[in-house]
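J.: the sequence and its predicted three-dimensional model are supplied below.
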Amino acid sequence: MEAAVVERTRDRVGHVKRVGYVKKGIAKRKCCRRVRRRALQELFLSCLDVFKGPGTVPPTQDVLKLRRILDNMKPKDVGLTKEMPFFRPTNAVNGDSRVRYTTIYQCDNFSLCIFFIPATGVIPLHNHPGMTVFSKLLLGKMHIKAYDWAEPVNFYGSVASSSQSRLAKLKADRVFTAPCDTSVLYPTTGGNIHAFTAITPCAVLDVLGPPYSKEDGRDCSYYKDYPYTASNGDTTVKSEEADSYGWLEEIEIPENSQMDRIEYLGPPVIEPTC
């Protein structure tokens with residue numbers, strides 16, 4: 001997530017201290033690296049192998065491989081600790097609910113990003129056209145609401161419909177607390193349209209394949225959801241299933257979608273030389 005969400009942000013790199021990201025404890029240790037590959041490096045090398053570019057979806061065995069790596073990752077693997085000022089219960093970041101993000105790595109096929117969402121902060125309801133996205137909640141507690149379109153769509157989530165509102169199937173509407181399993185969404189399934197609301201300060205590691213690209217037809221769209229009612233169009237569902245559906249209306253870029261970019265100061269990833 002994390003789309004034009006990212007592309008449309010204000011690039012303010014001078015806010016590192018507001019999260020408390022530090023370089024302490026991330027020096028290279030050759031002896032340890034010989035014994036056990038660093039988790040982030042393992043994730044990076046696996047992504048190089050798994051993501052084949054736009055128009056593709058990783059096969060099941062590759063999805064399971066990335067999920068296994070992410071499920072085992074800890075905050076320290078990207079240079080974070082719960083003792084950092086941002087994650088302290090008494091810290092409200094001066095009452096600012098603005099989201100920050102940092103990019104670990106990005107290429108045409110995938111990107112690795114971390115989102116820092118302060119308590120009450122929101123990443124509004126948005127989609128991921130033609131993308132497979134892995135989200136790992138590293139720290140904190142957040143509410144996730146996610147939908148998939150109820151009507152048939154193409155690979156990029158488009159549909160031949162002139163209606164302002166479209167029926168969507170609710171896929172998730174609950175609270176997640178770190179540590180928890182990695183969530184995965186696909187171009188047309190898995191909750192491709194989702195929103196995050198932080199209950200406590202959160203850090204979310206996202207793997208997006210491929211990244212957002214307006215030029216390649218993967219621009220980010222935002223939505224407002226409404227409860228399902230029989231009067232909202234021609235489509236009807238059984239009354240007992242009404243709570244599992246909603247109407248989504250595409251909206252202009254919300255003001256609370258703006259984010260601040262901060263410098264990544266965690267362990268680096270090392271590109272292979274051959």
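T.: That came in fine, so what should we check first?
J.: touching, residue 109 and residue 53? I think so.
T.: Yes: with contacts defined as CB atoms under 8 Å, residue 109 counts as touching residue 53 at a distance of 5.1 Å. Backbone N, C-alpha and C define where each C-beta goes, glycine included.
J.: overlap in contacts of those two?
T.: Counting by CB atoms under 8 Å, 6 or more residues apart in numbering, the residues touching both residue 109 and residue 53 are residue 210.
J.: which one of these two is surrounded by more residues?
T.: When residue 109 and residue 53 are compared for neighbours, residue 109 comes out ahead with 17 against 12, by other CB atoms under 10 Å.
J.: residue boundaries of the helices in the stretch 51-200 of the chain?
T.: 60-71 (DSSP state H, counting those that start in this stretch).
J.: which stretches of it have low pLDDT?
T.: Applying pLDDT under 70 to the predicted model, the residue ranges of the stretch 51-200 of the chain that meet it are 89-95, 152-163.
J.: then the strand ranked longest in the chain to CSV, C-alphas only?
T.: The residue-count maximum for a strand in the chain (DSSP state E) belongs to strand 165-177. Backbone C-alpha positions of strand 165-177 (Å, rounded to 0.1, in the frame of the first residue of the first chain) are rendered in CSV as follows:
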residue,chain,number,x,y,z
SER,A,165,-20.9,2.9,-6.4
ARG,A,166,-19.8,-0.7,-6.8
LEU,A,167,-20.7,-3.7,-4.7
ALA,A,168,-17.7,-5.1,-2.7
LYS,A,169,-17.4,-8.2,-0.5
LEU,A,170,-16.0,-7.6,3.0
LYS,A,171,-12.9,-9.7,3.5
ALA,A,172,-11.5,-8.4,6.8
ASP,A,173,-12.8,-6.1,9.5
ARG,A,174,-10.9,-6.8,12.7
VAL,A,175,-8.0,-5.8,14.9
PHE,A,176,-4.5,-7.2,14.5
THR,A,177,-1.8,-7.1,17.2
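J.: residues of it that come out buried?
T.: Counting neighbours by 16 or more other CB atoms under 10 Å, one finds that the buried residues in strand 165-177 are 165, 166, 167, 168, 169, 170, 171, 172, 176.
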